[in-house]
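Colleague: Quick one, fold the following:
(one chain, ligands or ions: 1)
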Amino acid sequence: SPYSVLDGQYDLHETIGSGGFAKVKLATHLLTGDKVAIKIMDKRQLGEDLPRIYLEIEAMKQLSHQHICKLYQVVETDTKIFMVLEYCPGGELFDYIVERDRLEEEEARVFFRQIASAVAYVHNMGYAHRDLKPENLLLDDEQHLKLIDFGLCANPMGGLDQHLATCCGSPAYAAPELVSGKQYLGSEADIWSMGVLLYALLCGFLPFDDENLGALYRKIQAGVYENPEWLTAGSKDLLAAMLQVDPKRRITISQLLMHPWLTGGSSSANVDPSSKYKTHGVDEDVITEVAVHQGKSRVAVRQAVLRWSYDYLTATYFLLLAQKMKGNPLRLLPKA
Ligand SMILES: COc1cccc(Nc2ncc(-c3ccc(C(=O)NCC(=O)Nc4ccccc4)cc3)c(OCC3CCNCC3)n2)c1
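Modeller: Numbering: from 1, shown residues only. A predicted model of the protein is given here:
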């Protein structure tokens with residue numbers, strides 16, 4: 001089978017998503033028994049987009065944040081690239097909203113804080129996401145949101161979108177300057193998309209919608225939308241600050257993190273964009289568990305982990321670390 005390269009490391013299960021050039025399969029990491037998502041890409045289908053995959057992989061290695069799906073391992077054959085990624089059992093935020101019609105303000109606020117934290121982190125790392133929408137926000141087993149970039153749209157800031165057609169599937173979330181084909185700043189366009197996202201969370205439908213693409217673009221460029229009567233003054237104020245047609249008058253991510261609607265409410269924690277993961281050093285309990293399981297010295301295992309080769313050992317390390325952070329016992333199953 002084309003997936004035999006994963007034999008002995010993962011059991012592959014059903015396809016949980018596909019789009020464009022990538023397919024995502026649910027899988028089991030055999031040493032821990034943990035579920036993972038494996039994104040499978042065909043190198044021939046990717047053609048001249050192949051270099052973007054390598055850029056995405058390097059970016060993912062830098063992006064370590066509690067609200068971004070973690071990259072665990074990369075496997076490459078002559079025809080395929082496999083990215084082993086954090087699995088979110090709660091599925092897409094899109095389905096979560098559809099099932100409930102719309103969210104209460106307090107629940108929307110809790111979610112939106114996590115989205116703002118992840119986007120602020122991505123911007124601080126020098127990237128713009130450029131495809132923020134509910135399909136790219138997944139729920140983990142603790143109802144926390146994880147931002148993903150399924151369609152390879154995240155890029156260093158700025159620049160004209162030569163691949164607009166390929167990645168920003170549904171332009172309903174695209175900023176006016178982006179749909180007008182003007183030069184634009186990715187970070188400013190992301191703020192607009194977050195405004196559309198917050199509107200969808202609070203209202204259950206889109207601020208700008210039309211099945212005719214040209215009509216949709218004109219609505220986005222006009223920036224006129226309805227405020228349903230259930231919206232509070234605070235949420236209307238924040239939406240108006242994000243859905244500013246002029247990107248220079250649009251609220252910035254740092255102003256957003258301090259906006260009273262975000263910092264207020266009952267769960268009035270402020271939004272911390274920093275990652276909670278320490279990016280250097282290794283966790284000694286995890287090193288010990290692997291060393292004992294493999295009958296090797298801790299020094300040898302620590303050195304191997306610190307190479308961050310994104311091989312099976314890297315995946316095992318990250319999965320055990322996640323178990324430890326959840327307060328679960330560290331367990332490695334006997335070799336199959
Ligand atoms: C239970 O039922 C369900 C139902 C549905 C899903 C799940 N779970 C579930 N968990 C994990 C995934 C996943 C994670 C990361 C990536 C990825 O591509 N990362 C790369 C990445 O995020 N870069 C990046 C991030 C931030 C900045 C810059 C770069 C790809 C897939 C998944 O996929 C399914 C797709 C389906 C199509 N819509 C999108 C999700 N699905 C579960």
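
Colleague: next one: phi and psi at residue 82?
Modeller: Residue 82 has phi and psi values of phi -110, psi 130 when expressed as degrees, to the nearest 10.

Colleague: roughly how far apart are it and the ligand?
Modeller: 12 Å (Cβ to the nearest ligand atom, to the nearest Å). Bear in mind the C-beta positions are built from the backbone N, C-alpha and C, glycine included.

Colleague: and the nearest residue to that residue once chain neighbours are set aside, what does it touch?
Modeller: Sequence neighbours aside, residue 75 is the residue nearest to residue 82 in space, at 4.1 Å (criterion: Cβ to Cβ, 6 or more residues apart in numbering). Residues near residue 75 by Cβ atoms under 8 Å, 6 or more residues apart in numbering: 5, 6, 81, 82, 84.

Colleague: On the three-state scheme, the last one is what?
Modeller: Three-state assignment for residue 84 (DSSP: H, G, I helix; E, B strand; the rest coil): strand.

Colleague: before we move on, what about the third one?
Modeller: Judged by three-state DSSP, the three-state class of residue 81 is strand.

Colleague: Among the contacts of residue 75, name the buried ones.
Modeller: Restricting those to buried positions leaves 6, 81, 82, 84, with burial counted as 16 or more other Cβ atoms under 10 Å.

Colleague: quick one: contacts for the third one?
Modeller: Taking Cβ under 8 Å, 6+ apart as the definition of contact, the neighbours of residue 82 are 3, 5, 6, 38, 39, 40, 41, 73, 74, 75, 76.

Colleague: Closest to residue 315 out of those residues?
Modeller: Nearest to residue 315 among those, counting by Cβ to Cβ, is residue 73 at 3.9 Å.

Colleague: Is it correct that the closest one falls within a helix?
Modeller: No: read with three-state DSSP, residue 73 is strand and lies in no helix.

Colleague: circling back to that earlier point, how confident was the prediction at the residue nearest to residue 82?
Modeller: On pLDDT, residue 75 comes in at 98.

Colleague: Over to residue 106?
Modeller: Residue 106 is given a pLDDT of 96.

Colleague: Going by secondary structure, it is in what exactly?
Modeller: Assigned by DSSP states H and E, residue 106 falls within helix 105-124.

Colleague: Any idea how far apart the tips of stretch 129-145 sit?
Modeller: End-to-end span of stretch 129-145 (Cα to Cα, to the nearest Å): 16 Å.

Colleague: thinking again about what came up before, any part of the helix holding residue 106 near the ligand?
Modeller: Yes: if you take Cβ under 6 Å from any ligand atom as the test, helix 105-124 does meet the ligand, through residue 122.

Colleague: Could you tell me which residues within that helix count as buried?
Modeller: Across helix 105-124, burial judged by 16+ other Cβ under 10 Å covers 105, 108-123.

Colleague: Quick check: residue 221 vs the ligand, distance?
Modeller: Distance from residue 221 to the ligand, by Cβ to the nearest ligand atom: 27 Å.
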